[in-house]
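K.L.:
Let's see this in three dimensions:
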Amino acid sequence: MARPRTPLLSRERIVAAALQLIDAEGLDALSTRRLATELSVSGPSLYNHFATKDELLDAVVDTVIGEVDLSMFGSVATGIAAEGDAAGEAAAGGRETPWPDALRDWARSYRAALAAHPNIVPVLAQGPGRRPNALRLADAVFGHLVDAGWPRGQATRIGALMRYFVTGSALASFAAGFPADAEVYDAADYPHLGEAHRLAGHRGTVDEGAFDTGLEALLDGLALRFERLAERP
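P.N.:
Take a look at the predicted model:
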């Protein structure tokens, strides 16, 4: 039997093509017809794998979330193997990672994944829903904070705070929002923006620096709150 000219469809292949299309052209470019064309298949064949566009988008978002490193949360994220298992012992050791360091490393990995796929962020920001990778992420963050001594209610709020901060930072570039035309910034109207036309040319430095500054400020504030919790009778 001759091989088919087009590779057989799979959920993974459809998701990869959808993500590539969204990355290149944005969310509005994704449609059943366009995706079928990109895959060289008939539109109805996609419904054998995804009943709706929303179901497909959920899978695309969860694929992006799957790129986020959770190893800093150790056994909370990976599960503890049987006693005596070397992998299990290594995972259990992850519980000793101080929560500020774990949050810092996770937030940077999270932002890097979103920055690589900025067009999907508006869908991702809606919450984990039924997405397995997103739920594992939420479970890992919450579990690590509770294990570190945070009350469950506060751990929930910290997880929400971090998600707001990371997704917000990935929605758009602050620096790129300033026109590179120096004439826009008339000194009579904007006396402090004489160098603003240079911001777009330093997008990486400005945006990354802003994220790191905000992240450290958040962690410093949370550390103070944690100390107060420890001082309570």
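K.L.:
For the nearest residue to Thr97 once chain neighbours are set aside, which residues are in contact?
P.N.:
The shortest distance from Thr97 to any non-neighbouring residue, by C-beta to C-beta, 6 or more residues apart in numbering, is to Met72 (5.5 Å). C-beta here means a position set from N, CA and C on the backbone, and glycine is covered the same way. By C-beta atoms under 8 Å, 6 or more residues apart in numbering, Met72 lies in contact with Gly94, Thr97, Asp101, Ala102, Asp105, Trp106.
K.L.:
now Leu222
P.N.:
Pro100, Leu103, Ile158.
K.L.:
could you flag which of the contacts of Met72 are buried?
P.N.:
Gly94, Thr97, Ala102, Asp105, Trp106 (16 or more other C-beta atoms under 10 Å).
K.L.:
Tell me the backbone dihedrals of the residue nearest to Ser45 when sequence neighbours are not counted, please.
P.N.:
Nearest residue to Ser45 in three dimensions, chain neighbours excluded: Leu9, at 6.0 Å (C-beta to C-beta, 6+ apart). The phi/psi pair for Leu9 (degrees, to the nearest 10) reads phi -70, psi 150.
K.L.:
before we move on, the earlier item: including distance to Ala36, secondary structure and pLDDT, could the buried ones among the contacts of Met72 go into a markdown table?
P.N.:
Formatted as a markdown table, the buried ones among the contacts of Met72 follow (distance: C-beta to C-beta, whole Å; DSSP: H, G, I helix; E, B strand; the rest coil; pLDDT from 0 to 100):
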| residue | distance to Ala36 | secondary structure | pLDDT |
| --- | --- | --- | --- |
| Gly94 | 43 | helix | 42 |
| Thr97 | 45 | coil | 86 |
| Ala102 | 42 | helix | 97 |
| Asp105 | 40 | helix | 97 |
| Trp106 | 37 | helix | 98 |
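K.L.:
Tabulate the residues you listed (TSV), appending distance to Pro118.
P.N.:
As requested, the buried ones among the contacts of Met72 are exported to TSV (distance: C-beta to C-beta, whole Å):
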residue	distance to Pro118
Gly94	30
Thr97	29
Ala102	25
Asp105	21
Trp106	19
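K.L.:
Can you pull the poorly scored residue ranges out of the protein?
P.N.:
1-7, 75-95, 233 (pLDDT under 70).
K.L.:
So for the longest helix along the chain, what gets flagged as buried?
P.N.:
Of all the elements of type helix in the chain, the one with the most residues (DSSP state H) is helix 203-231. By 16+ other C-beta under 10 Å, the buried positions in helix 203-231 come out as Val206, Asp207, Phe211, Leu215, Leu218, Leu219, Leu222, Phe226.
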